[in-house]
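1. Dropping a prediction and its sequence here:
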Amino acid sequence: MTAAATLLILGADGDLTKRLLLPGLGTLLAAHEVDLEVIGSGLTERTDREWRELVATVFESVPEPRRTRLLESARYIRGDATDADVLAGLLAACGDTPIVFFALPPAVTARVCLVLDGLDVPDGLRLALEKPFGTDRASAKQLNALLTRIVPERRIYRIDHFLGRATVLNLLGTRFANRMIEPVWHRGAIERIEIVYDETLGLEGRAGYYDGTGALVDMIQSHLLAVLALVAMDPIDRVDEVVLRDAIAGVLRDTAVWGEDPVAASRRARYVAGEVDGRSLPAYADEPGVDPDLGTETLAQVVVAIDTDRWRGVPFLLRSGKALGRARKLVRAVFRPAEPIEGLEGTPRSDWIELDLSSGEVQVGLTMNGGGDPFALEQTTLVARQVPGALLPYGEVLKGILSDDPTLSIRGDVAEECWRIVEPVAAAWRAGRVPLEEYPAGSDGPDGWREATPG
Ligand SMILES: O=P(O)(O)OC[C@H]1O[C@@H](O)[C@H](O)[C@@H](O)[C@@H]1O
């Protein structure tokens, strides 16, 4: 890992920095011997001492004397990074190997990048950008062109913290390191695949970001398509920045909305008042900061098809929502049922394999002969557990950045493909061609979606 870099966080006064970025960084610095200067910058007035106090809360487990060194070097510089002089001053404060982390809304990120393009930047500059990357395919393309004028592609880190999750990366080992899985990982054996990320959390005070974004862009356009790529890409024999990212790009290029019919293939809804885990939630439309007329969805579902020999005809259902009664975060592959066997009672049910993206548990539904009646079929479940690691997902992603290794970051062409895939759905929704349904907070979402799902 490159030592002695400076991490400049733009948007250091924001929710993302506090909730995800700094805690992830804390796990990285506790587990790896890295010396890092952490400079925060934002529009809010804050002293170095206040910034150090915030940083200290996440550096608690960093061994001494590194912890003291990290805290002493931490600084906060108030300023508007869209101003060229301010941005130049921030870069000058960073030394030779700055990593600029844009923890900012996409529109502000784009403005800062425009300003950066007009400045002399240090050779070792690395840029880390939060999702969403742009606001549509055209703006993502423009942003890519702008960024690659500033630094080469391999020093641009488009962050998707799902690629830093051990539970997601486990798709690689589970698929490719088991002779009993990869040979059946195709349409001949698999009937359908579901990638679900249902959360019990509601808006959590994030209207400023979420209300203009919605579940389709917040989760499906980014995280769930990244997961889909690992589920469906062709086998690889090496995990590195070229091989892995080529495989991800390859499968996404062949992915499109099911039947090229975004109306039939998508559903959207938003929650009304209800109770989640004993906690009352107001209707989304009544949450502070929400503009009900925007019609933002808090639950989105899209079925996509992958036009390759491996997957043609297999529906991939992507779904994610907030304020649901059950947190279901999983990848589930359902196999085609085997033919009935004369002399064995019962029709074989579909076997399935499920990866829990929260706990890392892998479950396999398997049909066997029953113990009670050895001539009757029964389905049973095998459970395997992943040992939790030391790093939070943001810690894993930051480790890549500090090591100069973009393997786990989203490549520019992939960011554009992800927009291409969801854009027909977004357009159909904007045109009002798919109704915005409702579900009570704490429920499983609107009824009837499964039955109405194509594929
Ligand atoms: O479960 P995690 O790791 O917090 O990831 C889910 C979150 O991912 C973020 O990127 C989304 O903006 C949030 O809306 C979502 O809740």
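-> Looks like it came in fine.

2. how about the closest residue to Phe102 other than its chain neighbours, secondary structure?
-> Leaving aside its sequence neighbours, Phe102 sits nearest to Thr109 (Cβ to Cβ, 6 or more residues apart in numbering; 4.5 Å). Every C-beta, even on glycine, is put in place using the N, C-alpha and C of the backbone. Here Thr109 is helix, with the state taken from DSSP: H, G, I helix; E, B strand; the rest coil.

3. isn't Thr109 right next to Glu130, touching?
-> Yes. In this structure, Thr109 is within contact of Glu130 by Cβ atoms under 8 Å, at 7.3 Å.

4. can you pull the alpha-carbon coordinates of the strand or helix carrying Ile353 into CSV?
-> Secondary-structure assignment from DSSP states H and E places Ile353 in strand 352-356. In CSV, the C-alpha atoms belonging to strand 352-356 read as follows (Å, rounded to 0.1, in the frame of the first residue of the first chain):
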residue,chain,number,x,y,z
TRP,A,352,-31.6,-23.3,-5.2
ILE,A,353,-28.6,-21.5,-3.9
GLU,A,354,-28.8,-18.3,-2.0
LEU,A,355,-26.0,-15.9,-0.9
ASP,A,356,-27.1,-13.6,1.9
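
5. Parallel or antiparallel, which strands does whichever helix or strand comes after it pair with?
-> Next helix or strand after strand 352-356 toward the C-terminus (DSSP H and E): strand 362-369. Sheet pairing of strand 362-369 (DSSP bridges) gives strand 352-356 (antiparallel), strand 377-384 (antiparallel).

6. Just the CA atoms of the longest one, as PDB, please.
-> This file holds the C-alpha atoms of strand 377-384, laid out as PDB (Å, rounded to 0.1, in the frame of the first residue of the first chain):
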ATOM      1  CA  LEU A 377     -38.300 -37.000  -1.700                       C
ATOM      2  CA  GLU A 378     -37.700 -34.100   0.700                       C
ATOM      3  CA  GLN A 379     -36.100 -30.800   0.400                       C
ATOM      4  CA  THR A 380     -33.400 -29.800   2.900                       C
ATOM      5  CA  THR A 381     -31.200 -26.800   3.400                       C
ATOM      6  CA  LEU A 382     -27.400 -26.800   3.700                       C
ATOM      7  CA  VAL A 383     -25.900 -23.700   5.400                       C
ATOM      8  CA  ALA A 384     -22.300 -22.400   5.000                       C
END
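
7. Could you report the distance from the one residue in the stretch 101-250 of the chain that gets nearest to the ligand to Glu60?
-> The minimum distance from the stretch 101-250 of the chain to the ligand, using Cβ to the nearest ligand atom, falls at Asp218 (4.8 Å). Asp218 sits at a distance of 30 Å from Glu60 (criterion: Cβ to Cβ, to the nearest Å).

8. For stretch 264-272, what is the distance to the chain centroid?
-> Offset of stretch 264-272 from its chain centre (Cα atoms, centre = their mean, to the nearest Å): 20 Å.

9. which residues sit against it?
-> 202, 215-216, 257-259, 281, 283-285, 295-304, 321-323, 425, 428-429, 434-441, 445-446, 449, 452, 454 (Cβ atoms under 8 Å, 6 or more residues apart in numbering).

10. Neighbour count: Asp218 and Glu60, which is higher?
-> When neighbours are counted by other Cβ atoms under 10 Å, Asp218 and Glu60 differ, and Asp218 comes out ahead with 21 against 9.

11. returning to that earlier point: pLDDT value on the residue nearest to Phe102, please?
-> According to the prediction, Thr109 has pLDDT 95.

12. what does Thr2 give?
-> In this model, Thr2 carries a pLDDT of 47.

13. ok, and the closest non-adjacent residue to the residue of the stretch 101-250 of the chain closest to the ligand?
-> Closest residue in space to Asp218, ignoring its immediate chain neighbours: Tyr210 at 6.5 Å, by Cβ to Cβ, 6+ apart.

14. Tell me how many other residues surround the closest residue to Arg411 other than its chain neighbours.
-> Once flanking residues are discounted, Arg411 sits nearest to Arg245: 4.8 Å by Cβ to Cβ, 6+ apart. Neighbours of Arg245 under the rule other Cβ under 10 Å: 20.

15. ditto for Arg411
-> By other Cβ under 10 Å, 21 other residues sit near Arg411.

16. what do you get for Glu451?
-> The number of residues packed near Glu451 is 6, by other Cβ under 10 Å.

17. ditto for Glu64
-> 7.

18. in the stretch 301-450 of the chain, which spans are helices?
-> For the stretch 301-450 of the chain, applying DSSP state H, counting those that start in this stretch gives helices covering 393-402, 412-430, 449-452.

19. about what we covered before: among the contacts of stretch 264-272, which ones are in strands?
-> Counting by DSSP state E, the contacts of stretch 264-272 place 257, 281, 299-304, 321, 436-440 in strands.

20. Now for those: which two are most distant?
-> The most widely separated members of the ones in strands among the contacts of stretch 264-272, counting by Cβ to Cβ, are Val257 and Leu281 (30.9 Å).

21. Around the ligand, pick out the residues from the stretch 51-200 of the chain.
-> With Cβ under 6 Å from any ligand atom as the criterion, the stretch 51-200 of the chain meets the ligand at residues Glu199.

22. Quick check, pLDDT for the closest residue to Arg158 other than its chain neighbours.
-> Ranked by Cβ to Cβ, 6+ apart and with sequence neighbours excluded, the top spatial neighbour of Arg158 is Ile410, at 3.9 Å. At Ile410 the predicted local confidence, pLDDT, stands at 98.
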